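1. sequence plus predicted model, see below.
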Amino acid sequence: MRPTLACLTATALAVLAVPAAAGTASADISQPAVVSANPVNNTPHVLDGTVRAITTVGNWVVVGGNFEEVREAGSGKKTIKRHNLFAYDMRTGKISTAFVPKVNGTVHALQPGSSDWIYAAGTFTTVNGVKTGTVTALKVSTNKVHTGFKPNVNYRVNTMVVRGARLYIGGSFTKAGGKARTGLARVDRLTGVADNAFNFTVTEPRSGDLKVYRMAVDPADTRMVINGTFTRVNGQRRVQIAMITLGKGTAKLSTWSTERYSTPCNLAAFDTYMRGMDFSPDGKYFVVVTTGGPYGQSQLCDSAARWESSATGSGQKPTWVNWTGGDTLLSTSVTGAAVYVGGHQRWLNNPYGHDSAGPGAVSRPGIGALDPKTGKALAWNPTRTLGHGVETLVAHPKGLLVGSDTDQLGHEYHGRLGMFPAG
């Protein structure tokens, strides 16, 4: 059993503070080594539903998803009602009694703001009785909704990233920040007004409804990648994935493109088989994980793949691929020392598997770590109960936060939420 983080020094805690112009998405965090396989003991337990999003601001860890009950770690603790969103102190594991937002829908994405403000997005439309649309800002210490922040997003948001004064959102919406924006937008993170220098036409879903499912933005805010059901962006062929060039001027569609995600991967079952994405801390590469089925090496179904950020032009190919052999990967976090992947996979290093362990396969149930250079599984193997899988992995200076739908992590009981500490 791992000791709690209550004994952190004041100097160490200062590292946790989030500057006004920074976010704590995984790409912001560089770690010198692989985290411990022994989870900390003080993370609260989520007793039902699924944890779908985590962010940190100051000493607070904010947790979102679809759930009704939580409980602090330790025997004899009482069940606490929390509807889809709560916060706890990373040092002690104590659940905030001040932050009790009334959210009328699922929280799919969280990002940090200044001080102890956070951004939340999902399918909700009101928070604490205030009409917010599907994106809002909340103050953790007071439970207050930021009524001056008015993005007025009209439909579901799946993914969100803060970079400086910019808030990027992706989903199934058609309006954001007072402008027509289909599935992808950038708004001012203080006012919510849409940025005229960021306007893209995302069209022609391969299946189902049009949506942007996940996005990643490099730490320098110079590039972003998006994935989803689309097959065209600004009229150009971009099947399920596209890169956008950011910077100070007008954002533009990059010439970067690949056909490796244009293959079916069980089209009947998945409108998109794209899942998590994350940039490396230096922004030089990004990793994409997928679902899709056991179709071998001819497709990138059920795989993690590294792509180089500086590449341009069509026909791009991954630097490496790690196949699970037929099991879904949902999330990834890249820290420099490792590429963490989570899902309901049974194996990694399994290109020859077909819902089975092929030659060279290694057991990595539910969570694993890959070598950033080779893509091969590292020895780190804490294990977790599979369920649907790990919906969110968030790197932090003090470790790796994990949100899922099951309650065994690192051979210990951790209800849908846990943290592997930095070594």
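-> Noted; the coordinates are in hand. Numbers count the residues shown, from 1 in each chain.
2. show the pLDDT at Gly423.
-> Gly423 is assigned 80 on the pLDDT scale.
3. hmm, it is touching Ala37, no?
-> No - counting by CB atoms under 8 Å, Ala37 is not a contact partner of Gly423; they are 9.8 Å apart. Where C-beta positions appear, they are placed from N, C-alpha and C, glycine not excepted.
4. of these two, who's got more company?
-> Between Gly423 and Ala37, counted using other CB atoms under 10 Å, Ala37 has the larger neighbour count: 17 against 13.
5. relative to its centre, which residue of the chain is most distant?
-> Distance from the centre of the chain peaks at Gly76, with 32.5 Å (CA atoms, centre = their mean).
6. report how many residues lie close to Ser114.
-> 16.
7. returning to what we had before: helix, strand or coil for the residue farthest from the centre of the chain?
-> coil (DSSP: H, G, I helix; E, B strand; the rest coil).
8. which residues touch it?
-> Going by CB atoms under 8 Å, 6 or more residues apart in numbering, Gly76 touches no other residue.
9. who does Val233 bridge with?
-> Assessed by DSSP bridges, Val233 has beta-bridge partners Val202, Gln236.
10. likewise Thr332?
-> Bridge pairing for Thr332 - DSSP bridges - gives Val341.
11. run a quick neighbour tally on it.
-> 25.
12. roughly how far apart are it and Pro365?
-> 17 Å (CB to CB, to the nearest Å).
13. which non-adjacent residue is nearest Arg364?
-> Leu348 (4.6 Å; CB to CB, 6 or more residues apart in numbering).
14. show me what secondary structure element comes after the lowest-mean-pLDDT helix or strand in the chain.
-> Ranked by mean pLDDT, DSSP states H and E, the weakest helix or strand in the chain is helix 10-14, scoring a mean of 29. Counting by DSSP states H and E, the next helix or strand C-terminal to helix 10-14 is strand 45-46.
15. which secondary structure elements does whatever helix or strand comes next after that next one contact?
-> Downstream of strand 45-46, the next assigned helix or strand under DSSP H and E is strand 50-57. Counting contacts by 3 or more CB pairs under 8 Å, 6 or more residues apart in numbering; DSSP states H and E, strand 50-57 packs against strand 60-66, strand 107-112, strand 117-122, strand 392-396, strand 399-403.
16. kindly recompute the last result at 7 Å.
-> Contact here means 3 or more CB pairs under 7 Å, 6 or more residues apart in numbering; DSSP states H and E; on that basis strand 50-57 packs against strand 60-66, strand 107-112, strand 392-396, strand 399-403.
17. okay, the ones you listed in TSV with mean neighbour count and mean pLDDT next?
-> Below are these laid out as TSV (neighbours: other CB atoms under 10 Å; pLDDT from 0 to 100):
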stretch	mean neighbour count	mean pLDDT
strand 60-66	25	98
strand 107-112	26	98
strand 392-396	26	98
strand 399-403	26	98
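18. distance to Ser207 added to those, as a markdown table?
-> Converted to a markdown table, the helices and strands packed on strand 50-57 look like this (distance: least, CB to CB, whole Å):
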| stretch | distance to Ser207 |
| --- | --- |
| strand 60-66 | 24 |
| strand 107-112 | 20 |
| strand 392-396 | 25 |
| strand 399-403 | 27 |
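19. among those, which is nearest Val321?
-> Comparison of the helices and strands packed on strand 50-57 against Val321 by CB to CB identifies strand 392-396 as nearest, at 19.1 Å.
20. paired strands for that closest one, with orientation please.
-> Sheet pairing for strand 392-396, using DSSP bridges, gives strand 399-403 (antiparallel).
21. pull the CA atoms of the partner strand into PDB?
-> C-alpha atoms of strand 399-403 as PDB (Å, rounded to 0.1, in the frame of the first residue of the first chain):
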ATOM      1  CA  GLY A 399       1.900  11.200 -10.900                       C
ATOM      2  CA  LEU A 400      -0.700   9.800 -13.300                       C
ATOM      3  CA  LEU A 401      -4.400  10.100 -12.600                       C
ATOM      4  CA  VAL A 402      -6.700   7.400 -14.000                       C
ATOM      5  CA  GLY A 403     -10.500   7.500 -14.500                       C
END
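22. residues in contact with it?
-> 35, 51-52, 54, 61, 63, 65, 333, 340, 342, 367, 390-394, 409, 416-422 (CB atoms under 7 Å, 6 or more residues apart in numbering).
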